[in-house]
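K.L.:
need coordinates for the following:
(chains A and B)
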2 protein chains.
Amino acid sequence: MSFNFTITNKLKGKLGRTATYETPHGAIETPAFVAVGTKAAIKGLTPEMLKDLGAQVFLANTYHLHIAPGEDVVKAAGGLHAFSNWDGPMMTDSGGFQAFSLGAAFGTNVSKIATKDSGYVQTEKNTRKDSMAKVTEEGVEFRSYKDGSKIFFTPEKSMQIQQNLGADMYFAFDECTSPQATEEYQREAMERTHRWAKRSLGEHKRLEKKKKSFIQKGKEMLGGPKAHPQALFGVVQGGQHLHLRKESAQVLGEMDFDGYGIGGAFTKEDMGTAVETACAQLPENKPRHMLGIGEPIDFFLGVENGIDLFDCVAPTRMARHGSVHTKKGKINITAARYKQDFSPIEKDCGCYVCGNYTKAYINHLLREKEMLGATLASIHNLYFVVHLVDDIRGSIKDGDFARFKEKFVKTYYGEK
Amino acid sequence: MSFNFTITNKLKGKLGRTATYETPHGAIETPAFVAVGTKAAIKGLTPEMLKDLGAQVFLANTYHLHIAPGEDVVKAAGGLHAFSNWDGPMMTDSGGFQAFSLGAAFGTNVSKIATKDSGYVQTEKNTRKDSMAKVTEEGVEFRSYKDGSKIFFTPEKSMQIQQNLGADMYFAFDECTSPQATEEYQREAMERTHRWAKRSLGEHKRLEKKKKSFIQKGKEMLGGPKAHPQALFGVVQGGQHLHLRKESAQVLGEMDFDGYGIGGAFTKEDMGTAVETACAQLPENKPRHMLGIGEPIDFFLGVENGIDLFDCVAPTRMARHGSVHTKKGKINITAARYKQDFSPIEKDCGCYVCGNYTKAYINHLLREKEMLGATLASIHNLYFVVHLVDDIRGSIKDGDFARFKEKFVKTYYGEK
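P.N.:
Just a heads-up that it's a prediction; the model follows:
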């Protein structure tokens, strides 16, 4: 019923490893990809489909669930597992990413991953006048995506909400910054994130202690299933600045978190180094989660530099727009050239979709905006990334990581 | 591999019966509800979900599939079964319904089922200037729902398209009229439908004969599965006028169709009588399909008056708008009162959704426009109507039809 992180293999000369992470809702073999169901549902998929494609763990979003249906409803349902019918391990994020996506990034094309060429138009402040998120020492004032109403998240509030949502693992409240922010602002935000980490941890310990007697008595929290312990992950920030990443990981690594997230701004070129810099400072025997990353190359960079878990909306979002993974890179399956292509997306893919449907059918469904098109493309993409991370795990076990990485990258990104 | 309709039980003193209808893709136990997947996909459902909920047969729409992806694509895929991954019996309609839905009914609220109070604002003509369908002796000129381009369907063209789509059973090309049309126009349209029926049958026989050598040699039509025989159903019209219904059924009943559809305009109050009038004239040993009917009461009226098959988009369309069937009538599951209702839609419902999800979760998903909400509500509604017609079949076998009807109607429509 509790948490246990056991390293099973190590990548020679690197920080990468494989492990078994036991949680109250089952064990996760890591490295692993975490499927994202923002509003307590993977878009277009049942939990059975998610399990069938091989996903081990499901992450939902605190900001969205606070707005609808509200954590009171989820708690009264017996928590996220009972509410969504997913009985495996679950996570929630803290809402800290929305300090960026609804703040500095709102209404712009700014991504938390910038290239050195394009990404460094430094702005004076991290927040804009028309932004939907305002950061103060106390917390973040968000606007609701539904009606624009004000919502105030403090570290304590985020912990309380996430306790009520009832995922197995959840995150400390942090401020995700823009790669366009000045170094000065990145430091300011990082230091605030550290103070919030301490407040998050304090509130988490208070709430876990309060819950303990329920758990010992085997009691139900409300109408739902038995109460279970929850693990708290601290979130390392520091943006693209390696010395800040190091400092952040050192400070947080000394706090008594159950695991760590690596959040926030990156440069595309230095992402691996930034991750390595952070992971080198973190305690070895605790899981590390790279937040919101879903590009194939990033799984390799993350894993070899010490990451155990990844989550991202990209596989399902891409799918809804017709972009599907193949070993030779992404293809746009809605293109006219697939209209009469009666082969599967990939001949040797083991997923449900490739075993049963042609490109022509998925092309037709997506062009005609049939829901089943998004569902099928999402199943294929999730299968692809889940199994890619599984295969990376296997390659570490087999001592074959470097060769596997080279071959995959060459085929996926290579000669086009 | 061929067709065989065997009556197994009869309803005493009425035209109702149970039967086994063998088709090239398996047997259908009738009466049965046929699920509609307009564009070769049940909206939001995989074929496995459809099979799992108990559906025996799947109907797709010729007008829509002609426009996208085109019958050439479906034929090249190996026909609708291979294209959509549904291996059970399939049907296509003829496009004749669109003569009404894109003609007299286009842009209006006129339904093919009118009440005596509201439905008889007789109009001079069946087609309006701004309509998307124009009827001539030769056929119907439609406008495409996609780009407004002109499409001309003749009875021969409809047969050719439906042969290429490759469903097991398909329909003769007909003109579905508006209940608001004058009796004079209804007669004119009906007589034209009879001439079209003759042309449809002629073309069907020519195409089946041509296909025969392929079937005998066990050959593939194109790249897909083996060619199979197809059955043609004639469509009885005549609107709300009983003497026209009788005449239409007599004329068509003498033609060599494999089965019959009952199409077109009805009065709510006289639907049962209209169906009885038609079925009494039709050959007893051939299946009868009531086109586009999905209200619970109509299944009882249809079955007791001789109907074997029903199809309708209502269960899935309703579901997407939050309206779900219960034994006590429809409820709007998006209503605020279900936000914290942690019971299933129906406690004693055997469907996947009621076994795994609460009203609160489906309420949340539909309010948040999560695709899974439409999927779950659609599964429940399809299960409900499929099993209702199954139960009607069972009640005939058990000699219990009248009691079952009375009880169901009282609970579903009764004291609210």
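K.L.:
just the helices from the stretch 101-250 of chain A, written as ranges.
P.N.:
Counting by DSSP state H, counting those that start in this stretch, the segments of the stretch 101-250 of chain A that form helices are A:155-165, A:183-216, A:242-253.
K.L.:
let's have these in a markdown table, adding mean neighbour count.
P.N.:
In short, each C-beta sits where N, CA and C put it, glycine included. As requested, the helices of the stretch 101-250 of chain A are exported to a markdown table (neighbours: other Cβ atoms under 10 Å in any protein chain shown):
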| stretch | mean neighbour count |
| --- | --- |
| helix A:155-165 | 24 |
| helix A:183-216 | 18 |
| helix A:242-253 | 21 |
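K.L.:
for chain B, find the nearest of the ones you listed.
P.N.:
Evaluated with Cβ to the nearest Cβ, these place helix A:155-165 nearest to chain B, the distance being 12.9 Å.
K.L.:
any idea how far the closest one is from the chain center?
P.N.:
18 Å (Cα atoms, centre = their mean, to the nearest Å).
K.L.:
thinking again about what came up before, could I get the helices of the stretch 101-250 of chain A as JSON lines with distance to residue B:98 and mean pLDDT?
P.N.:
Listed next are those as JSON lines, based on distance: least, Cβ to Cβ, whole Å; pLDDT from 0 to 100:
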{"stretch": "helix A:155-165", "distance to residue B:98": "48", "mean pLDDT": "97"}
{"stretch": "helix A:183-216", "distance to residue B:98": "59", "mean pLDDT": "94"}
{"stretch": "helix A:242-253", "distance to residue B:98": "62", "mean pLDDT": "98"}
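K.L.:
kindly reformat those as JSON lines containing distance to residue B:261.
P.N.:
Below are the helices of the stretch 101-250 of chain A laid out as JSON lines (distance: least, Cβ to Cβ, whole Å):
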{"stretch": "helix A:155-165", "distance to residue B:261": "52"}
{"stretch": "helix A:183-216", "distance to residue B:261": "61"}
{"stretch": "helix A:242-253", "distance to residue B:261": "70"}
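K.L.:
of all these, which lies closest to residue A:380?
P.N.:
Taking Cβ to Cβ as the measure, the helices of the stretch 101-250 of chain A were each checked against residue A:380, and helix A:155-165 came out nearest at 29.1 Å.
K.L.:
return the alpha-carbon coordinates of the closest one using PDB.
P.N.:
Once side chains and other backbone atoms are set aside, the C-alpha atoms of helix A:155-165 remain, and they are given as PDB (Å, rounded to 0.1, in the frame of the first residue of the first chain):
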ATOM      1  CA  PRO A 155       1.100  26.100  -2.100                       C
ATOM      2  CA  GLU A 156      -1.200  25.000   0.800                       C
ATOM      3  CA  LYS A 157      -4.300  25.300  -1.400                       C
ATOM      4  CA  SER A 158      -2.700  23.200  -4.200                       C
ATOM      5  CA  MET A 159      -1.800  20.500  -1.700                       C
ATOM      6  CA  GLN A 160      -5.300  20.500  -0.200                       C
ATOM      7  CA  ILE A 161      -6.800  20.200  -3.700                       C
ATOM      8  CA  GLN A 162      -4.400  17.400  -4.700                       C
ATOM      9  CA  GLN A 163      -5.100  15.500  -1.500                       C
ATOM     10  CA  ASN A 164      -8.800  15.600  -2.300                       C
ATOM     11  CA  LEU A 165      -8.300  14.600  -5.900                       C
END
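K.L.:
which residues of the stretch 301-416 of chain A fall in helices?
P.N.:
For the stretch 301-416 of chain A, the helices defined by DSSP H, counting those that start in this stretch occupy A:314-320, A:352-356, A:359-367, A:371-397, A:401-413.
K.L.:
would you mark the buried spots in the longest one?
P.N.:
Of the residues in helix A:371-397, A:371-390, A:392-393, A:395-396 count as buried by neighbour count, 16 or more other Cβ atoms under 10 Å in any protein chain shown.
K.L.:
of the residues you listed, list those near chain B.
P.N.:
Restricting the buried residues of helix A:371-397 to those touching chain B (Cβ under 8 Å from any Cβ of the partner chain) yields A:371-375.
K.L.:
and which of those is nearest residue A:235?
P.N.:
Within the set of those, residue A:374 lies nearest residue A:235; the separation is 30.8 Å, counting by Cβ to Cβ.
K.L.:
now do the contacts for the closest one.
P.N.:
With contact set as Cβ atoms under 8 Å, 6 or more residues apart in numbering or on different chains, residue A:374 has these partners: A:43-44, A:319-320, A:366, B:371.
K.L.:
most neighbours among those, which one?
P.N.:
Sorting those by how many neighbours each has (other Cβ atoms under 10 Å in any protein chain shown) puts residue A:319 first, at 27 neighbours.
K.L.:
residue contacts, it?
P.N.:
A:374, A:377-378, A:380-381 are the contacts of residue A:319 under Cβ under 8 Å, 6+ apart.
K.L.:
ok, residue A:29 next?
P.N.:
With contact set as Cβ under 8 Å, 6+ apart, residue A:29 has these partners: A:18-21, A:56, A:390, A:393.
K.L.:
how near is the spatially most central residue of chain A to chain B?
P.N.:
When chain A is reduced to its mean C-alpha position, the closest residue under Cα atoms, centre = their mean turns out to be residue A:311, at 2.7 Å. Residue A:311 sits at a distance of 18 Å from chain B (criterion: Cβ to the nearest Cβ, to the nearest Å).
K.L.:
also residue A:41?
P.N.:
When distance is defined by Cβ to the nearest Cβ, residue A:41 is 4 Å away from chain B.
K.L.:
residue A:52 now?
P.N.:
As for residue A:52, its distance to chain B is 10 Å (criterion: Cβ to the nearest Cβ).
K.L.:
what about the residue nearest to that residue when sequence neighbours are not counted, distance to residue A:345?
P.N.:
The shortest distance from residue A:52 to any non-neighbouring residue, by Cβ to Cβ, 6 or more residues apart in numbering or on different chains, is to residue A:352 (6.5 Å). Between residue A:352 and residue A:345 the distance is 11 Å, computed by Cβ to Cβ, to the nearest Å.
K.L.:
the more surrounded of these two?
P.N.:
Between residue A:352 and residue A:345, counted using other Cβ under 10 Å, residue A:345 has the larger neighbour count: 24 against 17.
K.L.:
spit out the contact partners of the more buried one.
P.N.:
If a contact means Cβ under 8 Å, 6+ apart, then residue A:345 has A:324, A:326, A:331, A:333, A:353-354, A:359, A:362, A:380 as its contacts.
K.L.:
list the strands paired with the helix or strand of chain A with the lowest mean pLDDT, with their directions.
P.N.:
Every helix and strand of chain A was ranked by mean pLDDT, DSSP states H and E. The lowest is strand A:113-114, at a mean of 79. Each strand that strand A:113-114 pairs with, and the sense of that pairing, follows from DSSP bridges: strand A:266-267 (parallel).
K.L.:
taking helix A:242-253 as reference, get the angle to the next helix or strand after the partner strand.
P.N.:
The helix or strand immediately downstream of strand A:266-267 is helix A:271-281, counting by DSSP states H and E. The directions of helix A:271-281 and helix A:242-253 differ by 30 degrees, with axes from the mean of the first three to the mean of the last three Cα atoms, to 10 degrees as the criterion.
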